[in-house]
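Peer 1: dropping the sequence and predicted coords here.
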Amino acid sequence: MTLLEARDISISFGGLKAVEGVDLFVNEGEIMTLIGPNGAGKTTAFNLITGFLAPDRGTVSFRGRDVTGLPPHDIAALGLVRTFQKTNIFAETTVEHSIAIGFHTRLKAGLGSIVFGGADARAEAREVRERAREILEFTGLAPWAAHLGKNLPYGKQRMLSIALALAANPALLLLDEPATGLNPVETKELIDIIYRIRDERKITVFLIEHNMNLVISISDRIAVLNYGRKIAEGSPAQVSRDPAVIEAYLGRGFRHAS
Amino acid sequence: MNGRMTGAKWLAGLAGAALLCAVPRFFSLDYYLHMFVMSEIYAVLAMSLALIVGFSGQVSMGHAAFYGVGAYASALISLKSGLPFWVTIWCAGAVAGLLSFVIGKMVLRLRGHFLAITTAFFGVLVTLILNNWIELTNGPMGVPGIPRPSPISLPGLTLSFETRADYYYLGLVFVGLVAFLLYRLVNSRIGNALIAIRENEELARSIGVDAMAYKVFAFTLGGALAGMAGSFYAHYILFISPVTFTIAESINLLVMIIFGGMTTLFGPVFGAVALTLLPEFLRMAGSLRLVIYGVALVIFIIWLPLGVWGTIKSKWMERRG
């Protein structure tokens, strides 16, 4: 089943066509990757899908529902949650508190119940603590629970941003270059957690990544952008043989060693 | 971490409340009691401003405007319609809340310095209106003859509001209720959403927080509470004029929450009380008073950005692990 479908999405900044007529789809249960040289429009495509930018043209539908032009918080509430390329965390709150904040869209307690300590508000608060604990264990952040976000080592900060996104209850998780700056050990942990996110939590994963070993090993499908246009799409094997892809990365005149 | 009260905390709270109630017995001079009542009004104002600036991270330099609008709304309604203070304080909250909602909707798209300057502008605008809409506000001459709150009698206690001590007790209840309301709010999903916006608005939106709606909520509630504090002030001093509600007062409120620490609720209360009483104590330093005050402030902003109470709290949390 198609979970996400973007059709003909396009946006220009001044004269620059950052994303131009791109079609993308993501099937439920797969790990899909978007690759392309720097400046190809990958993050812009993510921004268009998650509502951080409104497309000039084209539509985005998620679970059969048109979400084009919705604000980011509404799109997140529908289960389409993204992380950011730069490390984006709550710096001055503890890891545990950050994850509790991440549960925002699942909480419904009304103002009256919150102020007068109603049963539903208290039950919700208890449930958040339990589920936050579970996410801490799942992401291996439990030992860091009481630390402020800004005091975590870099790799753990990256993991925290994934944990936060998980707290927001995604059906589709968009990860923007999650392996950036990670050492080989941390990259292995990342690959492991991406698999477990898909297999144990039944969350579909759509990522942007530059680390080719990671991309080839975990992706079910890959789409390639170059200068804002999609130039290839298919299995890792198909894409890595595609002449247009090789040209985009290595330049014209390159011959595949046979 | 959570909001649960242990037995020891209850006991400490009761002891504190008893101590606060006993204050008028020890400080019977009107002058002292006046300083304490003003501390209470500032405590409410500082908490309401901390909700906006400290918890939501939206710098407002026009908070005194809502304080003033509440004071004028309450005073004018009670003078023209004869409604008692117990009704007009809610009218003050509603009028100031509505105004802050409208202004919030307009200005909260802006960030940082732009927001600060725009809120300052609205603060100045309100003072201009209070000064110049003479038919309604009596302009710079102010509004005299504001009635005192009608007496209330509870079993074993009668408050006639003829003495400052009565206002002091009412102020204690006012501060207590506002502190309770805000305590529950900032420790809830709503407080979490506000903290998320303060820490990282982009990230907050990505996890589903409607940043604009929550910012407007905090701004509106903060404005409404400031308006209610204004009503209390009007029916306490019994005379109001525009000079009380200028941008200098907005900055004074900001200084209080910077001093006490604006990311906790006790910090603003501490700052309000300290900075209401401190300048009085500094009177013995004569003309050096404002210099000492200014230097202390610079020291705070540079070395204690969390404020007095915020610093104590964070050190304590660190030591606990």
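Peer 2: Yep, that arrived.
Peer 1: which parts of chain B sit against chain A?
Peer 2: Among all residues of chain B, those adjacent to chain A (criterion: Cβ under 8 Å from any Cβ of the partner chain) are B:1-2, B:181, B:184-185, B:188-190, B:192-193, B:195-196, B:199-200, B:202-211, B:263, B:321. Where C-beta positions appear, they are placed from N, C-alpha and C, glycine not excepted.
Peer 1: just the buried residues of those residues.
Peer 2: Burial by neighbour count, 16 or more other Cβ atoms under 10 Å in any protein chain shown: within those this picks out B:181, B:184-185, B:188-190, B:192-193, B:195-196, B:199-200, B:203-211, B:263.
Peer 1: can you flag which of those belong to helices?
Peer 2: B:181, B:184-185, B:189-190, B:192-193, B:195-196, B:199, B:203-206, B:211 (DSSP state H).
Peer 1: determine which two of those residues are furthest apart.
Peer 2: Using Cβ to Cβ, the pair of these lying farthest apart is B:181 and B:206, separated by 29.5 Å.
Peer 1: what number of residues lie near residue 223?
Peer 2: This is for chain A. Neighbourhood size, residue A:223 [other Cβ atoms under 10 Å in any protein chain shown]: 24.
Peer 1: think we crossed wires, I meant chain B
Peer 2: Quick note: residue B:223 (other Cβ under 10 Å) scores 33 neighbours.
Peer 1: quick check: which element contains it?
Peer 2: Secondary-structure element containing residue B:223, defined by DSSP states H and E: helix B:211-237.
Peer 1: centre of the chain to that helix, how far?
Peer 2: Chain-centre distance of helix B:211-237: 8 Å, with Cα atoms, centre = their mean, to the nearest Å.
Peer 1: can you give me the buried ones in that helix?
Peer 2: Residues of helix B:211-237 classed as buried by neighbour count (16+ other Cβ under 10 Å): B:211-212, B:214-237.
Peer 1: shaky segments in the chain?
Peer 2: As the question left the chain open, I've gone with chain A. A:253-258 (pLDDT under 70).
Peer 1: looking at chain B here, not the other one
Peer 2: Counting by pLDDT under 70, the low-confidence segments of chain B come to B:1-5, B:285-286, B:320-321.
Peer 1: I'd like the next helix or strand past the helix or strand harbouring residue B:18.
Peer 2: Counting by DSSP H and E, the secondary-structure element that holds residue B:18 is helix B:7-26. Towards the C-terminus, the helix or strand next in line after helix B:7-26, according to DSSP H and E, is helix B:30-50.
Peer 1: got the angle between the very next helix or strand once past the helix holding residue B:223 and helix B:211-237?
Peer 2: As assigned by DSSP H and E, the chain's next helix or strand after helix B:211-237 is helix B:247-260. Using axes from the mean of the first three to the mean of the last three Cα atoms, to 10 degrees, the interaxial angle of helix B:247-260 with respect to helix B:211-237 works out to 110 degrees.
Peer 1: list the buried residues of the helix or strand following helix B:247-260.
Peer 2: Moving toward the C-terminus from helix B:247-260, the next helix or strand (DSSP H and E) is helix B:266-281. Within helix B:266-281, the residues that qualify as buried by neighbour count (16+ other Cβ under 10 Å) are B:266, B:267, B:268, B:269, B:270, B:271, B:272, B:273, B:274, B:275, B:276.
Peer 1: mind checking how far helix B:266-281 is from the chain centre?
Peer 2: Using Cα atoms, centre = their mean, the mean C-alpha position of helix B:266-281 is found 12 Å from that of the whole chain.
Peer 1: what about the closest residue to residue B:47 other than its chain neighbours, distance to chain A?
Peer 2: Leaving aside its sequence neighbours, residue B:47 sits nearest to residue B:268 (Cβ to Cβ, 6 or more residues apart in numbering or on different chains; 4.9 Å). To chain A, residue B:268 is 18 Å away according to Cβ to the nearest Cβ, to the nearest Å.
Peer 1: next up, the contacts around residue B:268.
Peer 2: For residue B:268, the contact set (Cβ atoms under 8 Å, 6 or more residues apart in numbering or on different chains) comprises B:43, B:46, B:47, B:49, B:50, B:54, B:256, B:257, B:260, B:261, B:262.
Peer 1: ok, and the most crowded of those residues?
Peer 2: Neighbour max across the contacts of residue B:268 (other Cβ under 10 Å) = residue B:46, 35 neighbours.
Peer 1: residues contacting it?
Peer 2: The neighbourhood of residue B:46, defined by Cβ under 8 Å, 6+ apart, consists of B:253, B:256, B:257, B:260, B:268, B:269, B:271, B:272.
Peer 1: next one: residue B:311
Peer 2: Residue B:311 sits next to B:261, B:304 when contact means Cβ under 8 Å, 6+ apart.
Peer 1: now do residue A:198
Peer 2: A:29, A:30, A:31, A:204, A:205.
Peer 1: rerun at 7 Å
Peer 2: Neighbour list for residue A:198: A:29, A:31, A:204, A:205 [criterion: Cβ atoms under 7 Å, 6 or more residues apart in numbering or on different chains].
Peer 1: buried ones in the one helix or strand it maps to, by neighbour count?
Peer 2: Taking DSSP H and E as the definition, one finds residue A:198 inside helix A:184-199. For helix A:184-199, the buried set under the neighbour-count rule, 16+ other Cβ under 10 Å, comprises A:186, A:187, A:189, A:190, A:191, A:193, A:194, A:197, A:198.
Peer 1: got it, and stretch A:213-224?
Peer 2: Along stretch A:213-224, these residues count as buried under the neighbour rule (16+ other Cβ under 10 Å): A:214, A:215, A:216, A:218, A:219, A:221, A:222, A:223, A:224.
Peer 1: do you know how far the fourth one is from residue A:66?
Peer 2: Spelled out, that is residue A:218. 30 Å (Cβ to Cβ, to the nearest Å).
Peer 1: hmm, back to that, what's the closest of the contacts of residue A:198 to residue A:138?
Peer 2: Using Cβ to Cβ, those come closest to residue A:138 at residue A:205, 14.6 Å.
Peer 1: what's the neighbour count on that closest one?
Peer 2: Residues lying near residue A:205 (other Cβ under 10 Å) number 24.
Peer 1: residue contacts, the spatially closest residue to it that is not a sequence neighbour?
Peer 2: What sits nearest to residue A:205 in space, not counting adjacent residues and going by Cβ to Cβ, 6+ apart, is residue A:31, at 4.8 Å. By Cβ under 7 Å, 6+ apart, the contact set of residue A:31 is A:194, A:198, A:205, A:218, A:219, A:220.
Peer 1: now the first one: how far from residue A:224?
Peer 2: Okay, so that is residue A:194. Counting by Cβ to Cβ, the gap between residue A:194 and residue A:224 amounts to 20 Å.
Peer 1: residue B:313 in helix, strand or coil?
Peer 2: The three-state assignment at residue B:313 reads helix, by DSSP: H, G, I helix; E, B strand; the rest coil.
Peer 1: can you name the residues that contact it?
Peer 2: Residues in contact with residue B:313 (Cβ under 7 Å, 6+ apart) are residue B:264.
Peer 1: how far does stretch A:115-133 sit from its chain's centre?
Peer 2: From the chain centre to the centre of stretch A:115-133 is a distance of 28 Å (Cα atoms, centre = their mean).
Peer 1: likewise stretch B:129-149?
Peer 2: Centre-to-centre, stretch B:129-149 and its host chain are 22 Å apart (Cα atoms, centre = their mean).
Peer 1: quote the end-to-end distance of that stretch.
Peer 2: The distance separating the two terminal residues of stretch B:129-149, taken as Cα to Cα, to the nearest Å, comes to 27 Å.
Peer 1: for it, buried residues please.
Peer 2: Using 16+ other Cβ under 10 Å as the test for burial, stretch B:129-149 gives B:129, B:130, B:131, B:137, B:138, B:142, B:143, B:146, B:147, B:149.
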